[in-house]
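Q: what's the 3D shape of this:
(one chain, ligands or ions: 2)
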Amino acid sequence: LAVAGTVIHTPERGVIEILEDAVVTVGEDGRIERVIESDDPAQEATIEAAAAGGRLTLLRAGQYLLPGLVDLHVHAPQWPQIGKALHLPLEQWLANCTFPLEARYADLEFAARSYSGLVDALLANGTTTALYFGSVHLGATKLLADLCHAKGQRALVGKVVMDDPTLCPDYYRDASATIAVAETEMFIEHVQRLAGPEGRVRPVITPRFIPACTNDALEELGRLARQTGLHVQTHCSESDWEHDFVRHRLGATDTRSLEAFGLLGRRTILAHSNFICDDDMDAIGGCGAGIGHCPLSNAYFSNAVFPLAQALEKKLHVGLGTDISGGPDASIFSACRHAIAASRMLADGVDARIAPDKRGRPGAAIDFAEAFWLATAGGGIALDLPIGVIAPGFAFDAMVIDTTVPDADLTLWPDLDEPEDVLQRIVYGAARANVRRVWVDGATVVDKDAGLDWT
Ligand code: GUN
Ligand code: FE
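A: Ligands and ions are numbered 1, 2, ... in the order given. Take a look at the predicted model:
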């Protein structure tokens, strides 16, 4: 495979790289082999060879090749209630809306309908990698992994563990810690048989959050994490209620508690983490764990803004998450916008001439390039996967953004825009309709122009 066109990506935080009229070649293994720039004499022969072999994708004017988006936090079973019930606080939303909905996934026919629609929607929005919470059910969560595998999405999927009757209702709970762990092991086996041990779909050890799990379950999952080296995902210090619940029960923060259970490591992704303190950040940074920043959901359930700038200052690994359906928006481009807006709300907002030191933190704001980096390379680093950058050795997980489609607001003004404005326009303006084509590991997983004749 070779794709010829203008590449835009953010290989490092705050660094925009624009490669005009480049050619990206992809090997049989789905990894990028070469990125050949326009002044390289090898370009012409590469294009000719790829065209002759029927392996060339040529972007048109107004189309750009960008890395695919990484969503570090999706609750797959909550897809049918996206955009509903957000007037409730987290604990009521879980008990009254979310647990009843998730319980329906005992029905595999319902699960298939919902999960199939979700994976299609995320791919169509350019999300090439998603880190999914399934439900408590082994069967439905296997089905989610199977669907991601069949549709070609890079997916990390977890059977949710929630066995503590203090919080979890009888109708939606693991029967015991032992059964929860045994089913987690069965799920791991299923996914590894499906996709291979380091495959495109991977199992994730998934204690829902500390309040939903007994100490026995957390200890056993920690043992499993150490033994297997697999990814771990959970919610961390999300809301005042949740953060205080853990401090009362365990006498420590979520982060330090997870660490004590053996659940904090290089491949752990902590959703939210709004109320982490300096000591928590040290623990997270010390082992290289990642944070899934979900700015939109945080507005609803936490009334809080994740201290992103401090986390980045401390070199913590951070990416973005939608938190479907706590965040009522499936697009990681939207998450970029929300992350920027949230960061601006923490920033030093008062004119220093009028009110020095009045409110806000200097340096809290991120810009569009940093947001896009979080959405791509940042997510890849957090997951410890070679994704999110268009460079040799990285997986060819990429998308074509078309700025010329009708029925979308994104419009470039070539006589007004500088090259860097193009990325800014895309981050602020791209809608699902602008995502024309998506590849994962070099395989086409979305092609909205298939059958249309552009030439
Ligand atoms: N904490 C425990 N479960 C959930 C969930 O489903 N969504 C969110 N946002 N927080 C949680
Ligand atoms: Fe969540």
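
Q: can you list the weak-confidence ranges in this protein?
A: By pLDDT under 70, the weakly predicted segments of the chain are 349-358, 452-455.

Q: now with 90, please.
A: Scanning the chain for pLDDT under 90 picks out 348-362, 407, 419, 450-455.

Q: what about the longest helix in it?
A: Looking across the chain with DSSP state H, the single longest helix is helix 177-195.

Q: ok, so what distance separates whatever residue of the stretch 51-200 of the chain ends up closest to ligand 1 from T25?
A: In the stretch 51-200 of the chain, the residue that lies nearest ligand 1 is H75 (4.9 Å; CB to the nearest ligand atom). Placement of C-beta: from N, CA and C, glycine included. Distance of H75 to T25, given as CB to CB, to the nearest Å: 37 Å.

Q: same check on I366?
A: Counting by CB to CB - I366 and T25 are separated by 33 Å.

Q: got phi/psi on G222?
A: G222 adopts backbone torsions of phi -60, psi -40, taken as degrees, to the nearest 10.

Q: how far away is it from ligand 2?
A: Using CB to the ion, to the nearest Å, G222 is found at 20 Å from ligand 2.

Q: hang on, isn't that residue packed against S257?
A: No. If you go by CB atoms under 8 Å, G222 and S257 don't touch, sitting 10.5 Å apart.

Q: near ligand 1, which residues of the stretch 251-400 of the chain are found?
A: Within the stretch 251-400 of the chain, the positions lying close to ligand 1 (CB under 6 Å from any ligand atom) are S297, F301, D323, G326.

Q: do that again at 8 Å, thanks
A: Residues of the stretch 251-400 of the chain that fall close to ligand 1, judged by CB under 8 Å from any ligand atom: A271, H272, C294, S297, F301, D323, S325, G326, G327.

Q: verify the contact between the fifth one and P89 for me.
A: Yes. With contact defined as CB under 8 Å, F301 counts as touching P89 (7.1 Å).

Q: neighbours of P211, how many?
A: By other CB atoms under 10 Å, 20 other residues sit near P211.

Q: isn't it right up against R249?
A: Yes. At 7.5 Å, P211 and R249 qualify as touching, with contact defined as CB under 8 Å.

Q: for the residues of the stretch 251-400 of the chain next to ligand 1, pick the one with the most neighbours.
A: C294 (33 neighbours).

Q: is the helix or strand that contains H235 anywhere near ligand 1?
A: Under the criterion of DSSP states H and E, H235 resides in strand 231-236. Yes. Strand 231-236 reaches ligand 1 (CB under 8 Å from any ligand atom) through H235.

Q: list the helices and strands that strand packs on?
A: Applying 3 or more CB pairs under 8 Å, 6 or more residues apart in numbering; DSSP states H and E, we find strand 231-236 packed against strand 127-133, strand 154-158, strand 201-207, helix 254-260, strand 268-272.

Q: columns distance to D282 on top of those, output as JSON lines?
A: Shown next, in JSON lines, are those (distance: least, CB to CB, whole Å):
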{"stretch": "strand 127-133", "distance to D282": "24"}
{"stretch": "strand 154-158", "distance to D282": "26"}
{"stretch": "strand 201-207", "distance to D282": "22"}
{"stretch": "helix 254-260", "distance to D282": "9"}
{"stretch": "strand 268-272", "distance to D282": "14"}
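
Q: looking at the ones you listed, which is closest to ligand 2?
A: Of all the helices and strands packed on strand 231-236, strand 268-272 sits nearest to ligand 2, with 5.0 Å by CB to the ion.

Q: so which bits of the longest helix of the chain are buried?
A: By neighbour count with 16 or more other CB atoms under 10 Å, helix 177-195 contains the buried residues 177, 180-181, 183-185, 187-188, 190-192, 194-195.

Q: then stretch 365-380?
A: Within stretch 365-380, the residues scored as buried using 16+ other CB under 10 Å are 365-366, 368-380.

Q: residues in contact with the residue of the chain found nearest ligand 2?
A: The chain approaches ligand 2 most closely through D323 (4.5 Å), counting by CB to the ion. Each residue near D323 by CB atoms under 8 Å, 6 or more residues apart in numbering is listed here: H73, V74, H75, A271, H272, G292, C294, L296, S297.

Q: which SS state does the residue lying closest to the fifth one once chain neighbours are set aside fall under?
A: Among residues not flanking H272 along the chain, E238 sits closest, at 4.0 Å (CB to CB, 6 or more residues apart in numbering). E238 carries the three-state label coil when classified by DSSP: H, G, I helix; E, B strand; the rest coil.

Q: same thing with E109?
A: helix.

Q: got any residues that touch both of F301 and P89?
A: Common neighbours of F301 and P89, counting by CB under 8 Å, 6+ apart, are S239.

Q: list the buried residues of stretch 284-294.
A: I284, G288, A289, G290, I291, G292, H293, C294.

Q: farthest pair in those residues?
A: Across the buried residues of stretch 284-294, the longest distance by CB to CB is 20.3 Å; it joins G288 and C294.

Q: count of neighbours near the closest residue to S257 other than its chain neighbours?
A: For S257, ignoring the flanking residues on the chain, the nearest one in space by CB to CB, 6+ apart is L250 at 4.7 Å. By the measure other CB under 10 Å, the count of residues near L250 is 17.

Q: okay, L250 and D278: tell me how far apart.
A: Counting by CB to CB, the gap from L250 to D278 is 19 Å.

Q: about what we covered before: which one of the buried residues of stretch 284-294 is nearest to L138?
A: The closest of these to L138 turns out to be G292 (CB to CB; 23.9 Å).

Q: helix, strand or coil for that closest one?
A: Secondary structure, three-state DSSP: G292 is strand.

Q: still on that earlier bit, separation between the residue nearest to S257 and C213?
A: L250 is 11 Å from C213, by CB to CB.

Q: burial of T411, as a residue count?
A: Neighbour tally, T411, other CB under 10 Å: 12.

Q: from what I see, it and T403 are in contact.
A: Yes. When contacts are counted by CB under 8 Å, T411 is listed as touching T403 (6.9 Å).

Q: any chance you could map the helices in the stretch 51-200 of the chain?
A: 90-93, 99-103, 108-124, 138-151, 177-195 (DSSP state H, counting those that start in this stretch).

Q: make JSON lines from the ones you listed and add distance to I36 to it.
A: Below are the helices of the stretch 51-200 of the chain laid out as JSON lines (distance: least, CB to CB, whole Å):
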{"stretch": "helix 90-93", "distance to I36": "50"}
{"stretch": "helix 99-103", "distance to I36": "48"}
{"stretch": "helix 108-124", "distance to I36": "28"}
{"stretch": "helix 138-151", "distance to I36": "30"}
{"stretch": "helix 177-195", "distance to I36": "31"}
